[in-house]
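> Got a sequence here, can you model it:
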Amino acid sequence: MKRPIFLTHDERWSRLAFEPGHAARREGAPAPLAVVDWDYNAWGNKYPPFDLDEVAPTRVAEILDVPVFYPGMILEGGAIDVNGAGALLTTESCLLNKNRNPSLSREQIEQLLRDYLGVRDILWLGDGIAGDDTDGHIDDLARFVSEQRVVTVVEENRADENYEPLQKNLARLQAMKISGRAIEVIALPMPKKIVREGLRLPATYANFYIANTCVLIPTFADPADGVALSVLRECFPTRRVIGIDCRELIWGLGAFHCLTQQQPAV
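Next up, the predicted model:
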């Protein structure tokens with residue numbers, strides 16, 4: 001097996017896409033499969049040790065025999081959501097948290113996202129939901145369901161601690177545009193508060209996983225389960241939308257999107 005070529009943040013596809021012996025990529029040709037090895041520190045140094053987790057992307061690149069890029073920035077998969085057409089959703093509470101990239105400004109973080117993910121529009125929400133140990137991953141809050149449509153969780157109970165931050169996120173989304181066009185914002189309900197051993201759990205219907213032919217939706221034996229499933233079935237008419245009870249899984253502080261990682265076909 002040939003070892004992958006390792007590219008730093010100072011190197012770009014335009015300079016080098018493959019190791020010697022591979023043909024250079026022509027302008028306009030489809031991009032090859034590659035790995036972007038973002039740094040990792042267990043959600044702000046919360047769960048050490050994480051040295052083996054840190055090297056996992058490079059090991060995957062070795063197995064697949066593909067190039068590896070190193071942006072030099074901490075980023076978790078659940079911290080971003082993309083529409084596949086140049087737009088990215090994220091949160092200030094996570095990406096701008098000093099426990100991730102204290103030496104990087106907002107502008108520098110945005111530039112790295114553009115350089116390594118090929119996005120143009122970066123859309124910032126504020127805070128995450130209560131009980132989320134990731135400091136506000138977007139995959140618990142708002143998700144693209146098409147290029148211009150976003151579903152976002154909304155808490156209707158004014159006494160709940162999630163009510164105000166989710167209302168603020170909703171207002172931000174309703175004012176946002178992608179390439180000059182307004183976003184269609186679709187509300188998802190929140191399940192009732194779930195507490196175990198004194199800890200509030202980050203239960204949310206936004207942590208769904210989109211597969212090739214289906215969408216897996218976390219459910220919580222809650223009256224809002226049916227509403228969430230109905231909303232998401234309308235959002236994914238060509239896929240089978242499947243609700244799966246996650247009352248035990250959420251005790252691990254995450255659901256389907258948290259425990260999966262897709263690999264694109266190229």
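> just the helices in the stretch 51-200 of the chain please.
51-64, 92-95, 106-117, 163-175 (DSSP state H, counting those that start in this stretch).
> which stretch among the ones you listed comes nearest Met73?
helix 106-117 (5.0 Å; Cβ to Cβ). Backbone N, C-alpha and C define where each C-beta goes, glycine included.
> Can you tell me what sits against that closest one?
9, 12, 36, 69, 71-73, 80, 82, 88, 90, 95-96, 101, 104, 119-120, 122 (Cβ atoms under 8 Å, 6 or more residues apart in numbering).
> Give me the subset of those lying in strands.
36, 69, 82, 88, 90, 122 (DSSP state E).
> Could you find the closest non-adjacent residue to the third one?
With Cβ to Cβ, 6 or more residues apart in numbering as the criterion, Val82 has its nearest non-adjacent residue at 5.0 Å, and that residue is Leu88.
> And the one you found, how close does it get to Gly180?
16 Å (Cβ to Cβ, to the nearest Å).
> Have a look at these two and say which one is more surrounded.
Ranked by neighbour count (other Cβ atoms under 10 Å), Leu88 and Gly180 place Leu88 first, with 22 against 6.
> residues contacting the more buried one?
Leu88 neighbours (Cβ under 8 Å, 6+ apart): 80-82, 113, 117, 119, 121-123.
> The same query, at a cut-off of 10 Å, please.
By Cβ atoms under 10 Å, 6 or more residues apart in numbering, the contact list for Leu88 reads 80-82, 110, 113-114, 117-124, 138, 144, 178.
> before we move on, what about Leu89?
79-83, 119, 121-125, 138-139, 141-144, 150, 152, 173, 176, 183.
> pLDDT weak spots in this protein?
When residues are selected by pLDDT under 70, those of the chain lie in 1-31, 266.
> Where do the domain boundaries of it fall?
1-72, 73-252 (automatic domain parsing).
> first to last residue in the last one, what's the distance?
The first and last residues of domain 73-252 sit 26 Å apart, counting by Cα to Cα, to the nearest Å.
> Just give me how far it sits from the chain centre.
8 Å (Cα atoms, centre = their mean, to the nearest Å).
> Three-state assignment for Gly243, please.
Look at Gly243: counting by DSSP: H, G, I helix; E, B strand; the rest coil, its state is strand.
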